[in-house]
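1. coordinates for the following, if possible.
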Amino acid sequence: MLCVEALVPARLAARVPPNILVLGDSLSSGYGLRDDQGWVMLLQDRLRNNGHPHRVINSSISGDTTANVLSRLDTTLAEHQPAIVVVELGGNDGLRALPVSTIQQNLESILTTIRENGAKILLAGMRLPPNYGPAYVSAFERIYPVIAAKYEAILVPFFMDGVATHTDMMQDDGVHPNVAAQSRLLSNLWPHLESLLKQQAP
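-> Numbering: from 1, shown residues only. Okay, here's the model as predicted:
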């Protein structure tokens, strides 16, 4: 005979909203902004307004590299058990001119670990300023579509589209997006995330 009490935890678990985990750097941590101004906070509002129950967890840290995130990834995934992971990483690696092979290897390890944990992946493509040289810039940019295809991730072609080259969208340091840019960043990401949400809809 099945005990009614035994059903309660399962029913409660079914009501827990799925998590969307954001793994990023300063572009996602809201560097220079109030906590309520970043695109990640805007994402939570948009999900709610569009009837999605998901809870957004921002695990982004300014200055993070792919190696930093990889070193704590198992713990982060175990703690939050996300249904979807937004990976916005690699920019700091590129700005430090780390070998492209190293950046790609780290990103591949990150995507592999996420897939092994059963989560869907949204990968934010990044680009570098032209002063890093055409060979390095081109090789860096190619990382994202290559690994997105390899690991069946949804690719945002260029997360900073419409922001990176617009001074009115940047803070005084010329590196970090300002408040006005946050809605554009979300708009760049939203259609691709929405396709994942539709895949997971019952």
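
2. so Ile57: helix, strand or coil?
-> The three-state assignment at Ile57 reads strand, by DSSP: H, G, I helix; E, B strand; the rest coil.

3. please enumerate the strands of the chain.
-> Counting by DSSP state E, the chain has strands at residues 19-24, 55-58, 84-88, 120-124, 154-156.

4. any stretches of this structure with poor pLDDT?
-> Along the chain, the parts satisfying pLDDT under 70 run over 1-14, 201-202.

5. burial of the residue nearest to Val146 when sequence neighbours are not counted, as a residue count?
-> Leaving aside its chain neighbours, Val146 sits nearest to Gln104 (7.5 Å; criterion: CB to CB, 6 or more residues apart in numbering). For the C-beta atoms, the positions are set from N, CA and C on the backbone; glycine is no exception. Neighbour count of Gln104, defined by other CB atoms under 10 Å: 20.

6. the one 3 residues further on now?
-> Burial of Leu107, expressed as a neighbour count using other CB under 10 Å, amounts to 25.

7. over to the one 4 residues further on?
-> Burial of Leu111 is recorded as 20 neighbouring residues (other CB under 10 Å).

8. repeat for Lys198
-> For Lys198, the neighbour count with other CB under 10 Å is 8.

9. picking up where we left off before, of all the strands of the chain, which one is nearest Asp45?
-> Asp45 sits nearest to strand 55-58 of all the strands of the chain, at 9.5 Å, using CB to CB.

10. the closest one - contacts with which helices or strands?
-> Identification of packing neighbours for strand 55-58 by 3 or more CB pairs under 8 Å, 6 or more residues apart in numbering; DSSP states H and E yields strand 19-24, helix 39-49.

11. the residue nearest to Val146 and Leu123, how far apart?
-> Distance from Gln104 to Leu123, counting by CB to CB, to the nearest Å: 12 Å.

12. mutual contacts of those two, please.
-> Common contacts of Gln104 and Leu123 (CB atoms under 8 Å, 6 or more residues apart in numbering): Ile147.

13. still on that earlier bit, just say which of the strands of the chain is most tucked in.
-> Among the strands of the chain, strand 84-88 has the highest mean neighbour count (mean count of other CB atoms under 10 Å), at a mean of 26.

14. partner strands of it, with direction?
-> Note on strand 84-88: by DSSP bridges, its sheet partners are strand 19-24 (parallel), strand 120-124 (parallel).

15. output the ones you listed as CSV; include the columns distance to Leu111.
-> Below are the strands paired with strand 84-88 laid out as CSV (distance: least, CB to CB, whole Å):
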stretch, distance to Leu111
strand 19-24, 11
strand 120-124, 6
